[in-house]
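In: Structure of the sequence below:
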Amino acid sequence: MLSPCIPRPKRLTLTRNHALILRMGIFKGPDVNRLKARRDLKGLLGALKHKDAQVRKDAAQALAELAETIPAEAHTGLIQPLIAALDDKDYSVTAAVVQALGALGPSAVLPLITALRSQQERLREGAARALGRIGATLNEPAYLRLPVDPLVATLKDPVMPVRRAAAWALGRLGPRLEAAQRGLPLENLILSLRDPAPEVREMAAAALGRLGEGRGIRPLYTALEDENSAVRKSAAEALEALGWHPTTPAEQAVYFVAIQNWERAVGPGREAIRPLVRSLSDRSVEVRRSAALALGRVGSAQVVEPLVKLLHDADNQVRRAAAEALEQAGAPQALEALLAASRDDDRDVRRAVTRALGHTGDPKAVPILISAIKSRDEELVHAGAASLVNIGALGIPALVQLLREPDPELQETVIDIIARIGAPAVLPMIEVLQTAQPPVNECAARILGRLGDTRAVWPLITALEDPLLTCQAALALGKIGDPRAVQYLLELLNNKSEAVCQAAAIGLGGIGDPRAVDPLIQLLKANDRNIRQDAASALLQMYHSDRLDTTQKRRILSQQERITEKHVDHESHVDNVRSSDCHRDESYHLDTGIGLDFK
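Out: Below is the predicted model:
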């Protein structure tokens, strides 16, 4: 029993740091760099069995580096341990082991051929890959021929990675064989183009390209229509390596789709539809997306149905591409599918669908487009606006209803849309000007001014008599620029309302009447920057025209400094202390200058 005077020993607790230190110290793995420097082959072979995959990989890489410098008789002791290491579960380790076996050269060929018959599939795969590495550097004809038959037999292995490795190895080995000896690998690689696994077909196509035999061209051309895009691309690259190039539009379409040159794939036009449609069912998202966009550029009614089906693809990027392609194709028959797709969960897809709806030319799309411009999504608003412009006059009744909304931003959006519709909007807007109530008829006057159509001149002159429309009608007449409005606008310069006088002056300036010069110069001093800017713009337009005499131009030139002065708009704050009992905060709003270029 411990004496009460002797302190009880504390219990030892291992922290994570302690454990890390122990692992790095007492339990640290072998120093592979040191073993390599000492050329300790036995130590490196032992490291191949270490529990740490990084140690095993480093050991294999060290053996690969040493293999080229040690005597050939020392290779024997390395071969079997390295072949056994091909069964490693870590792919990076087996890759390093294959590199090491490849560095051993001819001495490893027979043992590796034996390993092709192993019960362990990773061993067979690694042996085939190692034979391919060795075959790429072998110069002895006898050794080159040895692996050919075993590798050809391995093309029928029940395990896909083993067959793929055999095809790769024959592609590395085959080009070094004499022409008369390439028949067997050539025929069997051609047969492998029909392998059930696309990975094997892809590798077989690449191997045929490396083999350099013209007899591979026809089966490779057939492989351009393989269901798998990776196989098609590998076949196209192999054909290019063999010196084959497409000549007819049909060949060009199949070839460029296979090699995924989407820009050139659409060149043959309708000939490209069939290979592109086949690509829509590819496993690769990028291939489906690119093929859809290419079909849109082909622009045929034949592409609509497959693109409509693609609107249900699992990937949102593919669905978006399908909608964009339908927009390019301009397919009214896709309307119902696009209306359904407008409820897609993905925002980018909805935007693309909104743009596509504008190309259907169908009024059924208008409610969806109206919802789009009422949303708070800026990009969706832009898409909806562009589509409503494309729909044209059919969308105007619904747009006019929106002018009643109290949202000024929405009003501006609608005004812009109708103005962009152009000439088809003139007569509907004249009717709205004459029959609607504020603020709708005011918006109609603004739109007519932007449209600039002379058919609106007399309706706008008539609208000058309505006190609620006078200002907007005057400004609109100025934008149209028809001289028939001059005498009516001159009468307004004497109006009791300052706003009406300003609008009349700006209107006259837009028309270019010299009598507007002095009223417009007075407006350069207005508090509202928009009024100052409109007046300055009208004066500049008149100055650069041929309607003014020298005196009038000089009067405008005298305002150059005021017109070009940089615009300043900011708040200033002053603490005004008049006594110990009197303190007042004073804020000032400064808005000066116009900032237009006089030239």
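
In: dump the residue contacts of Asn441.
Out: Contact analysis of Asn441 by C-beta atoms under 8 Å, 6 or more residues apart in numbering lists 432-435, 463, 468-469. Every residue, glycine included, has its C-beta placed from N, CA and C.

In: That one sits in which helix or strand?
Out: According to DSSP states H and E, Asn441 maps onto helix 440-451.

In: a markdown table for the contacts of Asn441, including pLDDT?
Out: Below are the contacts of Asn441 laid out as a markdown table (pLDDT from 0 to 100):
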| residue | pLDDT |
| --- | --- |
| Val432 | 96 |
| Leu433 | 96 |
| Gln434 | 96 |
| Thr435 | 94 |
| Ala463 | 96 |
| Leu468 | 94 |
| Leu469 | 96 |
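
In: Save those as TSV, and put in secondary structure, neighbour count and distance to Asp58 too.
Out: Shown next, in TSV, are the contacts of Asn441 (DSSP: H, G, I helix; E, B strand; the rest coil; neighbours: other C-beta atoms under 10 Å; distance: C-beta to C-beta, whole Å):
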residue	secondary structure	neighbour count	distance to Asp58
Val432	helix	22	81
Leu433	helix	26	84
Gln434	helix	12	88
Thr435	helix	10	87
Ala463	helix	25	88
Leu468	coil	13	87
Leu469	coil	20	86
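
In: In space, what's closest to Phe166 - neighbours in sequence excluded?
Out: For residue 166 the amino acid is Ala, not Phe. Thr154 (3.8 Å; C-beta to C-beta, 6 or more residues apart in numbering).

In: you'd agree that neighbour is up against Arg164?
Out: No - Thr154 lies out of contact with Arg164 (C-beta atoms under 8 Å); the separation is 10.2 Å.

In: which neighbours do the two share?
Out: Common contact partners of Thr154 and Arg164 (C-beta under 8 Å, 6+ apart): none.

In: if we can go back for a sec, closest one of the contacts of Asn441 to Tyr488?
Out: Set against Tyr488, the nearest of the contacts of Asn441 by C-beta to C-beta is Ala463 (10.5 Å).

In: and the gap between that closest one and Glu431?
Out: Separation of Ala463 from Glu431 (C-beta to C-beta, to the nearest Å): 13 Å.

In: Quickly find the element holding the closest residue to Glu405 other than its chain neighbours.
Out: Spatial nearest neighbour of Glu405, chain neighbours left out: Gln411 (6.7 Å); criterion: C-beta to C-beta, 6+ apart. Here Gln411, judged by DSSP H and E, is contained in helix 408-421.

In: so for that helix, what's the average pLDDT?
Out: Helix 408-421 carries an average pLDDT of 96.

In: Please identify the buried residues of that helix?
Out: 411, 413-415, 417-421 (16 or more other C-beta atoms under 10 Å).

In: neighbours around the nearest residue to Arg124 once chain neighbours are set aside, how many?
Out: Taking C-beta to C-beta, 6+ apart, and ignoring the residues beside it in sequence, Arg124 has Val162 as its nearest neighbour in space, at 4.7 Å. For Val162, the count of nearby residues is 25 (other C-beta atoms under 10 Å).

In: got the CA coordinates for the helix holding Gln411 in CSV?
Out: Output of helix 408-421 as CSV, limited to C-alpha atoms (Å, rounded to 0.1, in the frame of the first residue of the first chain):
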residue,chain,number,x,y,z
PRO,A,408,-43.2,51.8,-61.9
GLU,A,409,-40.4,49.4,-62.8
LEU,A,410,-42.9,46.9,-64.3
GLN,A,411,-44.4,49.8,-66.3
GLU,A,412,-41.0,50.8,-67.7
THR,A,413,-40.4,47.1,-68.7
VAL,A,414,-43.8,46.9,-70.5
ILE,A,415,-43.2,50.3,-72.3
ASP,A,416,-39.9,49.0,-73.5
ILE,A,417,-41.3,45.7,-74.7
ILE,A,418,-44.2,47.4,-76.7
ALA,A,419,-41.8,50.0,-78.2
ARG,A,420,-39.5,47.1,-79.3
ILE,A,421,-42.4,45.4,-81.0
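
In: How far off centre is it?
Out: Put simply, helix 408-421 sits 30 Å off its chain's centre (C-alpha atoms, centre = their mean, to the nearest Å).

In: what packs against that helix?
Out: For helix 408-421, the packing partners by 3 or more C-beta pairs under 8 Å, 6 or more residues apart in numbering; DSSP states H and E come out as helix 366-373, helix 378-391, helix 396-402, helix 440-451.

In: ranking the ones you listed by burial, who's on top?
Out: Highest mean neighbour count of the helices and strands packed on helix 408-421: helix 440-451, a mean of 24 (counted as mean count of other C-beta atoms under 10 Å).

In: how far off helix 408-421 does it point, in degrees?
Out: 40 degrees (axes from the mean of the first three to the mean of the last three C-alpha atoms, to 10 degrees).

In: Let me know the average pLDDT across helix 440-451.
Out: 96.

In: mind checking pLDDT for the closest residue to Leu490 other than its chain neighbours?
Out: Nearest residue to Leu490, sequence neighbours excluded (C-beta to C-beta, 6+ apart): Arg515, at 6.3 Å. We have a pLDDT of 85 for Arg515.

In: So Arg515: helix, strand or coil?
Out: At Arg515 the chain is in helix, as set by DSSP: H, G, I helix; E, B strand; the rest coil.

In: Quick check, it in contact with Leu508.
Out: Yes - the criterion here is C-beta under 8 Å, and Arg515 meets it with Leu508 at 6.5 Å.

In: Settle it for me: which of these two has more neighbours?
Out: Legend: neighbour count by other C-beta under 10 Å for Arg515 and Leu508, higher for Leu508 (27 against 14).

In: packing partners for the helix or strand where that one lies?
Out: For Leu508, the host element (DSSP H and E) is helix 498-511. With contacts taken as 3+ C-beta pairs under 8 Å, 6+ apart, helix 498-511 sits against helix 470-480, helix 486-492, helix 517-523, helix 529-543.

In: Now Ile506: closest residue in space, sequence neighbours ignored.
Out: Asp534 (4.9 Å).

In: In contact with that neighbour, which residues?
Out: Residues in contact with Asp534 (C-beta under 8 Å, 6+ apart) are 475, 506, 523.

In: any idea how far the last one lies from Ala504?
Out: If I follow you right, that is Leu523. For Leu523 relative to Ala504 (C-beta to C-beta), the value is 11 Å.

In: And for Arg145?
Out: 101 Å.

In: Comparing these two, which residue is more hemmed in?
Out: Legend: neighbour count by other C-beta under 10 Å for Arg145 and Ala504, higher for Ala504 (29 against 14).

In: What is the neighbour count of the closest residue to that one other than its chain neighbours?
Out: Nearest non-adjacent residue to Ala504, counting by C-beta to C-beta, 6+ apart: Leu492, 3.6 Å away. Residues lying near Leu492 (other C-beta under 10 Å) number 21.

In: Likewise for Leu63?
Out: By other C-beta under 10 Å, the residues close to Leu63 number 29.

In: Can you give me every residue that contacts the closest residue to it other than its chain neighbours?
Out: Excluding the flanking residues, the one nearest Leu63 by C-beta to C-beta, 6+ apart is Ala100, at 4.5 Å. The contact partners of Ala100, by C-beta under 8 Å, 6+ apart, come to 60-61, 63-64, 67, 78, 82.

In: Dump the helix or strand hosting Ala100 to CSV, restricted to CA.
Out: Using DSSP H and E, Ala100 sits within helix 91-104. C-alpha atoms of helix 91-104 as CSV (Å, rounded to 0.1, in the frame of the first residue of the first chain):
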residue,chain,number,x,y,z
TYR,A,91,-4.5,0.9,-58.3
SER,A,92,-1.6,3.4,-57.9
VAL,A,93,0.5,0.6,-56.5
THR,A,94,-0.3,-1.8,-59.3
ALA,A,95,0.5,1.0,-61.8
ALA,A,96,3.9,1.4,-60.2
VAL,A,97,4.5,-2.3,-60.2
VAL,A,98,3.6,-2.5,-64.0
GLN,A,99,6.2,0.2,-64.5
ALA,A,100,8.8,-1.8,-62.6
LEU,A,101,8.0,-5.0,-64.6
GLY,A,102,8.2,-3.1,-67.8
ALA,A,103,11.7,-1.8,-66.9
LEU,A,104,12.9,-5.4,-66.4
